[in-house]
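Participant: give me the fold of what follows.
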Amino acid sequence: MVPRIFIYRLPQDDPRKNTAIKLARFGLAQLVDSIRALPSGSIMLDPTAKTPLTPSDRDVVVSRGLSLIDCSWKRATDIHAKFVKGRFIRRRLPLLIAANPTHYGKPYILSTIEAVAAALYIMGFMNDAWRF
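Facilitator: Below you'll find the model as predicted:
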């Protein structure tokens with residue numbers, strides 16, 4: 001089963017280059033217009049979380065979904081501290097190196113599409129991850 005992916009996008013970058021918009025355009029993710037529209041109890045990819053994402057998070061993602069906030073990396077810490085409270089199961093990705101043209105070679109600073117693909121792969125959705 002393909003997990004549902006929900007993205008709350010803050011308009012902080014060029015929409016022509018935004019990978020969250022591209023995911024939605026191809027039907028691979030659902031863009032929502034507020035934090036409240038993200039499913040409660042879903043796994044929230046949060047770079048400030050202490051707990052890493054693991055394969056054991058798979059069942060939660062199948063039942064509740066995977067949520068992300070698409071924002072500028074310069075404001076990611078503030079935004080996650082402000083919006084992500086007790087409604088979500090917060091998880092961070094392990095150390096990964098960005099392959100996107102903007103942050104190529106930098107640790108942790110992934111694009112939305114890279115983060116989703118990595119999360120799916122970690123949780124055992126290998127075929128789905130390759131689609132991204």
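Participant: alpha carbons only for contacts and neighbour counts from here, please
Facilitator: Fine.
Participant: what strand or helix carries residue 6?
Facilitator: Following DSSP states H and E, one finds residue 6 within strand 5-9.
Participant: same check, this time on residue 16
Facilitator: Counting by DSSP H and E, residue 16 is part of no helix or strand.
Participant: tell me, how many neighbours does it end up with?
Facilitator: If you count neighbours by other CA atoms under 10 Å, residue 16 ends up with 8.
Participant: now the helix or strand just after the strand holding residue 6: buried residues?
Facilitator: Going down the chain from strand 5-9, the next helix or strand is helix 19-25, by DSSP H and E. Residues of helix 19-25 classed as buried by neighbour count (16 or more other CA atoms under 10 Å): 20-23.
Participant: helix 19-25 packs against which elements?
Facilitator: Here helix 19-25 touches strand 30-32, helix 112-122, going by 3 or more CA pairs under 8 Å, 6 or more residues apart in numbering; DSSP states H and E.
Participant: in this protein, where is pLDDT below threshold?
Facilitator: For the chain, the stretches with pLDDT under 70 are 1, 12-13, 84.
Participant: still on that earlier bit, looking at the helices and strands packed on helix 19-25, which is closest to residue 96?
Facilitator: Residue 96 sits nearest to helix 112-122 of all those, at 8.6 Å, using CA to CA.
Participant: my guess is residue 88 meets residue 36, correct?
Facilitator: No: using CA atoms under 8 Å as the test, residue 88 is too far from residue 36 to be in contact (10.9 Å).
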